[in-house]
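Asks: Everything below, folded, please.
(chains A, B, C and D)
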There are 2 protein chains.
Amino acid sequence: MNILIIDDERELLEKLNSVLMSEHYTVETAGDGREGLEKVWNDTYDLILLDIMLPGMNGLEVLSEIRAAGILTPVLMLTAKGDIKDKIAGLNLGADDYLAKPFSLGELLARIRALLRRGNTGSPVLEVGGVRLNTVSREVTKDGEPLTLTTKEFALLEFLLHNRGRAVSRFTLAEHVWGDNFDPFRMSNFIDVHMKNLRKKLNFPEQESAIKSIRGFGYLIEKEER
Amino acid sequence: MNILIIDDERELLEKLNSVLMSEHYTVETAGDGREGLEKVWNDTYDLILLDIMLPGMNGLEVLSEIRAAGILTPVLMLTAKGDIKDKIAGLNLGADDYLAKPFSLGELLARIRALLRRGNTGSPVLEVGGVRLNTVSREVTKDGEPLTLTTKEFALLEFLLHNRGRAVSRFTLAEHVWGDNFDPFRMSNFIDVHMKNLRKKLNFPEQESAIKSIRGFGYLIEKEER
DNA sequence: GATAATGTTCATCATTTCTTCATTTTTGCA
DNA sequence: TGCAAAAATGAAGAAATGATGAACATTATC
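Replies: Below is the predicted model:
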């Protein structure tokens, strides 16, 4: 999961960055609204953390631009304490949640998880054909038996499950799972290799892998069990 | 997807033209309001980019004429920065979005995509005579039974369905489906071959192929089911 | 710092898909 | 009706894709 933080307080930025990284999110940062928007146009994020108080263009303006462009990525606004006016304005503009500074990291993480879960059942457990993936405890089981997935394998499976019924291109997969650290020009077949290993661990019967290949495009976990 | 740009700044016009072409849109341009309207009467577009500041007839007048004629094509207005008055006037006249100059190309593309997505039924499923093509999951079925299309077949069918009711030339087809990698001078009959294979898979009864041939031009999927 | 675990690159192979080409069929029109 | 251009077709070689095993590199863990 790829998160963009737009905030001008360097200290907070770095702290958030390291906490979110340790929670296995892929993180990018922007120090002001302009830079934030630039990133939003050029990349795909699963969540945006947006400070209202920003130099130059403020957070509400940034949000309004994002929504005007039809980008529906969930946005979690960070506001100064008690600034109810901003809160209301933000929600009207299409913010998905807000959090008053200072906030506890635990609360922030809880809200992030809630937003990332949205659109799904609301349960932190994603499932396909006997395989259950718990996004909170990060445990994966097949028919009750625990499986040990590596970080990348977990992230790939999680992303595919989040996008069930949607064919996901290799490029998108790389953007979300590898974030900034992938160079679209020097693409090798590392995604294929991880998929191979993942499939092997999931161990579905021949020709019935939960993860379908879409030739010339990418991968897909179907919406309905067959 | 067919886009009309009405703008008098030649430089901007050419830049937009080349960027949109490279994104596989079909683009036509007009240098003033008169010429723009002329094109609007004679062709069907999926989106119109309209500069407010035009010599002679201004953009708002053009927009008003278009809407007065009952043409509902989405219009994205281009305005000078901060010209709120124009913005409001434009939205009242039926503009669908506006963008202040100067703008980043990424932003423009994001808004275009947003508008084009709207224009359709909203559903990601395109259909013709029992064949359903899901643009999101990239699955295709005929009467409920899954069909396996190759990348090119899928792209061709998708493009024809997106342009239902419009005859599509071989050249346009090649531009959109093959993109950069096609050389208009070394044209062979590869499109015909793919169409043959596609038709065979869609397997419509004799003489009733969903895909009609337009002699000397290209192909067509009719607007209404017969 | 050694060892293990994980991630990435590389070469190979089977398979699918794309393109070309030669030939036949259809179509529009003189 | 007959002709020429365009389109459809079948077959075959060329190109591409994805799966895979294994080597190599990097990172984490003790």
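Asks: Only C-alpha atoms from now on, for both contacts and neighbour counts.
Replies: Fine.
Asks: Show me the strands in chain A, by range?
Replies: For chain A, applying DSSP state E gives strands covering A:2-6, A:26-30, A:47-51, A:75-80, A:97-101, A:125-128, A:131-134, A:140-142, A:145-147, A:168-169, A:211-214, A:218-221.
Asks: Could you export these as a markdown table, including mean pLDDT, mean neighbour count and distance to DNA strand D?
Replies: Below are these laid out as a markdown table (pLDDT from 0 to 100; neighbours: other Cα atoms under 10 Å in any protein chain shown; distance: least, Cα to the nearest atom of the strand, whole Å):
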| stretch | mean pLDDT | mean neighbour count | distance to DNA strand D |
| --- | --- | --- | --- |
| strand A:2-6 | 92 | 23 | 17 |
| strand A:26-30 | 89 | 21 | 13 |
| strand A:47-51 | 93 | 24 | 23 |
| strand A:75-80 | 86 | 22 | 27 |
| strand A:97-101 | 82 | 18 | 30 |
| strand A:125-128 | 85 | 18 | 18 |
| strand A:131-134 | 90 | 19 | 18 |
| strand A:140-142 | 92 | 19 | 18 |
| strand A:145-147 | 90 | 13 | 17 |
| strand A:168-169 | 90 | 18 | 9 |
| strand A:211-214 | 94 | 17 | 5 |
| strand A:218-221 | 95 | 21 | 5 |
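Asks: mind putting those in CSV, distance to chain B included?
Replies: Shown next, in CSV, are these (distance: least, Cα to the nearest Cα, whole Å):
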stretch, distance to chain B
strand A:2-6, 17
strand A:26-30, 17
strand A:47-51, 17
strand A:75-80, 17
strand A:97-101, 23
strand A:125-128, 16
strand A:131-134, 21
strand A:140-142, 25
strand A:145-147, 28
strand A:168-169, 8
strand A:211-214, 8
strand A:218-221, 7
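Asks: Including distance to B:Leu72, could those strands go into a markdown table?
Replies: As requested, the strands of chain A are exported to a markdown table (distance: least, Cα to Cα, whole Å):
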| stretch | distance to B:Leu72 |
| --- | --- |
| strand A:2-6 | 36 |
| strand A:26-30 | 39 |
| strand A:47-51 | 34 |
| strand A:75-80 | 32 |
| strand A:97-101 | 35 |
| strand A:125-128 | 42 |
| strand A:131-134 | 46 |
| strand A:140-142 | 50 |
| strand A:145-147 | 54 |
| strand A:168-169 | 33 |
| strand A:211-214 | 36 |
| strand A:218-221 | 36 |
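Asks: For chain A, what lies in contact range of DNA strand C?
Replies: Listed as neighbours of DNA strand C in chain A under the rule Cα under 7 Å from any atom of the strand: A:149-153, A:186-190, A:193-194, A:215.
Asks: so which of those residues are also by chain B?
Replies: Restricting the residues of chain A next to DNA strand C to those touching chain B (Cα under 8 Å from any Cα of the partner chain) yields A:Arg215.
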